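A.B. asks: Sequence below, structure please.
(2 chains)
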Amino acid sequence: MEPRTETQTNTHTIDTGAPVISADAYDTAAFHAADAIAVVTNTTAPDAVALPSEDASTAELLTAVQEAGHRAVPAPFAETALVARPLLRRAGLPVPEGPLSYAIAPDLTIRYARPAASAVGSAGCLGEDDSLLVTGALHRVPWARAVTEVVVLATAPSGPVLFTLPPGRAVLTPGGNLAGEPRDDLHLAAVEIPASQVRRITPEVLEEAGLRAALARSALIAGAAERCVDLTVAHTGARTQFGRPLSRFQAVKQEEARLIEEAALVRAAVGAAAAPLDTGGPVAHGAVAAAKTQASASAAEIARIAHQLHGAIGITRLNPLHLATTRLWSWRDEDGDETYWARRLARSLTATTLWPSLAATP
Amino acid sequence: MSPSVLSPTPSPIAFPDVALPESARGLRHEVRAFLEEERALGTVLGRPDSWLAGWDPGFSRRLAERGWVGMALPVEYGGAGRGFLDRYVVIEELLAAGAPVSAHWVSDRQAGPSILRHGTEEQRRFFLPGIAAGQCFFSIGMSEKGSGSDLASVATRAERTADGWRLTGTKMWTGGAHVNDYAIVLARTDDTDDKHAGLSQFLVDLRAPGVRIEPIRLMSGEHRFNACHFEGVDVPDGMVLGRRGDGWQQVTGELAFERSGPERYLSTFPLLVSLLRELERGSATAAQLTEVGILTARLHSVRRLSLAVAASLDAGASPDIQAALVKDLGTRLEGTLVDTVRGILPTPADPHATPGSHPELLAFALLHSPGYTLRGGTNEILRGIITRGLEQH
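C.D. replies: Numbering: from 1, shown residues only, chains lettered A, B, ... in the order given. A predicted model of the protein is given here:
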């Protein structure tokens, strides 16, 4: 198995030629491969992951996003494949080339750029066309500095809208997460969005955007969890203490099994949401809420065990474990943490609906 | 630079994707309708651990009349000839409702499939129709004093006689032996250096002379388990199950069936239903909702893994490692559920409170809780199976 070679060698081999890339040093020019994303030089990420075709099923997209999470692909892979592209298609907008990101921003101040001369109803509710004037901030937009467009979901005077924003039209304040992935703020001061880039959407599409973002993050977590398993199994098999491999110690076996189980649990929860997302409705909401709750709730235990079994080398940048664990700690909080999604999941449950909703998937 | 695009990394322990067949959907509604009728009769009480403690042979027979006992057995032996996924839907509905299924549980889950797989044609024709009709109930005689998860150390012996075998020894934890008809007993038939060889399985009439059953009371006071003494019990040749000396392989080959089903995470589910009923009386706090949501997400995820094992079994695979993983996750969740429910809504557990009330269900689940991670192989042993599976990967 090609991807395992790195872990089959002695994990104490130190690769000093693989510096970790810092949040402001990404080579944005390298993202634009036709069939793959994130060919980034100067990084410890293993390799590129193929972008699925635009008509790929949600299950296929999830598999690819998990793989991107597994390899810590330094690019907005999940954002492009599972969130931005499907939302653009749902809204009937063309899908631009290159990496994409998204922002769900109900708090933006939006007016019509060309208000109707004879407005009917409350002032500003109508425009000559749908071009918008947008003011406000988009917070912690994933990879904003590196994308061609940000898909923004917001509320216009007419109701929910989706529009695309080239990040160059905003003032960018760089930020990042624990893994050093870019999370940038975009400040918009009455930026005009032409009507050709705006689509009115239904509340269902707005809801779907939130679900897609949470599920994408869950699939990334599932992949990073799997990386923790791979690295830990390889490490405990290779590293000897007191004359035998760590994997021969009962205490190590017990912890390792729990790690494997927790990773399997996250993977199962993510897989269970693929089909419901395609059909939509309350089943999709339940399945995605369960997936993100489980993924975020499991992240701590997965990272804890992986680090414990790696010993001191695991907390350095000499070992690739940090690529997975810093992402787990970041991704569990992004697009809704376990508390947020657990509440959303539980809010609709009653004694009589609990079992039917659990048995609604698959 | 052109990317070398790699294929996805295979997971060290794979679970197949699963979607229930259309037939299962209709079946689910039929079972729910049946459960509504039974609720009206007062037989479905929504109790925890109903596959161990909910003993009601009448309920089992009515279930069998619908074709829902031994339903994976072939039609020619009285079964319904349906797959494991259909069976899965039926038993998860029954357990979630806390229906009294313990009378036929072992016959349906273990004895039936085991006789179908290893039994002679004569044994199949004799036992399977009775099992599927909810008329023939089995116990399992595997464990002994001193041999918990280490089954190869069993000391019960079967000595050759003129026309069969004579059993001597004591089995522990034989659930329902005091009310059931038969037991499948694992005994040593040959002495060998290899502890796993020389064991055989027997179909033993629990009412035969020489069988003495002694209750082992649970700490709740319930009588579910027994010490089953075989004091020179004659078993005819025709009641050897499978091949002499293959007992170990036969027993371990069935563990995936025993370890991965919905009973491994739904034992305490009715307590969560009861909690929600209590919470509906007022309005739940955000903290309570969070805890309920986290438990529900975990139940949902474990169910998905358990279903994946059922799909593997349906496809004829032997997902032993996956089953061990599901059992460890599921049974730990059962225990966690009891503690979490107690934390969400602090209630003094009271075994003397009105049957079916929240304090009474909590007491019941608590007194049963240490057993969840013991029965069917202790969880520490199961985790050893999981890591050993990785080494073979």
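A.B. asks: Show me the strands in chain A, by range?
C.D. replies: A:36-37, A:49-50, A:100-104, A:109-112, A:132-142, A:149-156, A:159-165, A:171-173, A:183-193, A:198-200, A:240-241, A:244-245 (DSSP state E).
A.B. asks: what's near enough to touch residue 275?
C.D. replies: Picking chain A for this. A:Thr58, A:Ala59, A:Thr361, A:Pro362, B:Ala19 (C-beta atoms under 8 Å, 6 or more residues apart in numbering or on different chains). Backbone N, C-alpha and C define where each C-beta goes, glycine included.
A.B. asks: look at chain B instead
C.D. replies: B:Val292, B:Val341, B:Ile344, B:Leu345, B:His358 are the contacts of B:Leu275 under C-beta under 8 Å, 6+ apart.
A.B. asks: where does it land on pLDDT?
C.D. replies: Looking at B:Leu275, its pLDDT stands at 98.
A.B. asks: list the buried ones in whichever strand or helix holds it?
C.D. replies: Element membership for B:Leu275 (DSSP states H and E) is helix B:269-279. Going by neighbour count (16 or more other C-beta atoms under 10 Å in any protein chain shown), the buried part of helix B:269-279 is B:Phe269, B:Pro270, B:Leu271, B:Leu272, B:Val273, B:Ser274, B:Leu275, B:Leu276, B:Glu278, B:Leu279.
A.B. asks: now, which of those residues sits nearest chain A?
C.D. replies: B:Leu276 (4.1 Å; C-beta to the nearest C-beta).
A.B. asks: Count the neighbours of the residue nearest to that closest one when sequence neighbours are not counted for me.
C.D. replies: Among residues not flanking B:Leu276 along the chain, A:Ala351 sits closest, at 4.1 Å (C-beta to C-beta, 6 or more residues apart in numbering or on different chains). For A:Ala351, the tally of surrounding residues (other C-beta atoms under 10 Å in any protein chain shown) stands at 16.
A.B. asks: what does B:Val309 give?
C.D. replies: Neighbours of B:Val309 using other C-beta under 10 Å come to 30.
A.B. asks: cool, B:Ala162 as well?
C.D. replies: Neighbour tally, B:Ala162, other C-beta under 10 Å: 4.
A.B. asks: what does stretch B:121-133 rub up against?
C.D. replies: B:61, B:64, B:69-71, B:73, B:77-80, B:104, B:107-108, B:111-112, B:115-116, B:119, B:136, B:138, B:182, B:203, B:238-239, B:241.
A.B. asks: Return the distance of the residue lying closest to B:Arg383 once chain neighbours are set aside relative to B:Val185.
C.D. replies: Nearest residue to B:Arg383 in three dimensions, chain neighbours excluded: A:Ala257, at 3.4 Å (C-beta to C-beta, 6+ apart). Going from A:Ala257 to B:Val185 by C-beta to C-beta, to the nearest Å gives 31 Å.
A.B. asks: How about the residues of the stretch 51-200 of chain B by chain A?
C.D. replies: Counting by C-beta under 8 Å from any C-beta of the partner chain, the stretch 51-200 of chain B comes close to chain A at B:Glu92, B:Glu93, B:Ala96, B:Ala97.
A.B. asks: how is the chain carved up into domains?
C.D. replies: Assuming you mean chain A. Split into domains by automatic domain parsing, chain A comes to A:23-201, A:204-356.
A.B. asks: You answered for a different chain; I wanted chain B.
C.D. replies: As given by automatic domain parsing, the domain ranges for chain B are B:23-136, B:140-246, B:261-392.
A.B. asks: Any chance of those in TSV with distance to A:Ser53 as columns?
C.D. replies: Listed next are those as TSV, based on distance: least, C-beta to C-beta, whole Å:
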stretch	distance to A:Ser53
domain B:23-136	31
domain B:140-246	49
domain B:261-392	27
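A.B. asks: A:Pro282 is nearest to which of those domains?
C.D. replies: Checking these against A:Pro282 by C-beta to C-beta gives domain B:261-392 as the closest, at 14.0 Å.
A.B. asks: Serialize the buried residues of helix B:269-279 to a markdown table and add fields for distance to B:His368.
C.D. replies: Putting these into a markdown table (distance: C-beta to C-beta, whole Å) gives the following:
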| residue | distance to B:His368 |
| --- | --- |
| B:Phe269 | 13 |
| B:Pro270 | 12 |
| B:Leu271 | 10 |
| B:Leu272 | 15 |
| B:Val273 | 16 |
| B:Ser274 | 15 |
| B:Leu275 | 17 |
| B:Leu276 | 20 |
| B:Glu278 | 20 |
| B:Leu279 | 23 |
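A.B. asks: And the helices in the chain, which stretches?
C.D. replies: Went with chain A since none was named. Counting by DSSP state H, chain A has helices at residues A:5-8, A:58-70, A:77-78, A:85-91, A:203-238, A:250-272, A:274-279, A:281-310, A:321-331, A:338-347, A:354-358.
A.B. asks: Correction: the question concerned chain B.
C.D. replies: Going by DSSP H, chain B shows helices at B:22-41, B:50-53, B:57-65, B:84-96, B:102-106, B:112-118, B:121-132, B:247-253, B:255-259, B:269-279, B:286-314, B:320-344, B:358-372, B:379-392.
A.B. asks: Minimum distance to A:Gly243: which of the ones you listed has it?
C.D. replies: For A:Gly243, the closest of these is helix B:379-392, at 18.2 Å, according to C-beta to C-beta.
A.B. asks: Figure out how far that closest one is from the centre of its chain.
C.D. replies: Centre-to-centre, helix B:379-392 and its host chain are 20 Å apart (C-alpha atoms, centre = their mean, to the nearest Å).
A.B. asks: Now do that helix, average pLDDT.
C.D. replies: 86.
A.B. asks: Quick check: buried residues in it?
C.D. replies: Across helix B:379-392, burial judged by 16+ other C-beta under 10 Å covers B:Asn379, B:Leu382, B:Arg383, B:Gly384, B:Ile385, B:Ile386, B:Thr387, B:Gly389, B:Leu390.
A.B. asks: What number of residues are in the vicinity of the closest residue to the fifth one other than its chain neighbours?
C.D. replies: Okay, so that is B:Ile385. Counting by C-beta to C-beta, 6+ apart, B:Ile385 lies nearest to B:Ala324, which is 4.2 Å off, once chain neighbours are set aside. Neighbourhood size, B:Ala324 [other C-beta under 10 Å]: 29.
A.B. asks: got it, and the one 10 residues further on?
C.D. replies: Other residues within reach of B:Glu334, judged by other C-beta under 10 Å, total 26.
A.B. asks: quick one: low-confidence ranges for the chain?
C.D. replies: I'll assume chain A. Low-confidence segments of chain A, defined by pLDDT under 70: A:1-48, A:118-125, A:362.
A.B. asks: I was thinking of chain B, sorry if that wasn't clear
C.D. replies: Across chain B (using pLDDT under 70), the flagged ranges come out as B:1-12, B:392-393.
A.B. asks: residue in it nearest to chain A?
C.D. replies: Per C-beta to the nearest C-beta, the residue of chain B with the smallest distance to chain A is B:Gly293, at 2.8 Å.
A.B. asks: how much space between the closest residue to A:Leu100 other than its chain neighbours and chain B?
C.D. replies: Nearest residue to A:Leu100, sequence neighbours excluded (C-beta to C-beta, 6+ apart): A:Ala84, at 3.5 Å. Computed as C-beta to the nearest C-beta, to the nearest Å, the A:Ala84 to chain B distance reads 20 Å.
A.B. asks: need the longest strand for chain B.
C.D. replies: Chain B, longest strand under DSSP E: strand B:223-236.
A.B. asks: hang on, isn't A:Pro174 packed against A:Gly180?
C.D. replies: No - A:Pro174 lies out of contact with A:Gly180 (C-beta atoms under 8 Å); the separation is 11.2 Å.
A.B. asks: These two: which has the busier surroundings?
C.D. replies: A:Gly180 (20 against 12).
A.B. asks: mind pulling up the phi and psi values for the more buried one?
C.D. replies: With angles defined as degrees, to the nearest 10, A:Gly180 sits at phi 80, psi 10.
A.B. asks: residue closest to the middle of the chain?
C.D. replies: If you meant another chain, say so; for now it's chain A. Geometric centre of chain A, nearest residue: A:Arg217, 3.3 Å, by C-alpha atoms, centre = their mean.
A.B. asks: wrong chain, I was asking about chain B
C.D. replies: The residue lying closest to the centre of chain B (C-alpha atoms, centre = their mean) is B:Glu258, at 5.1 Å.
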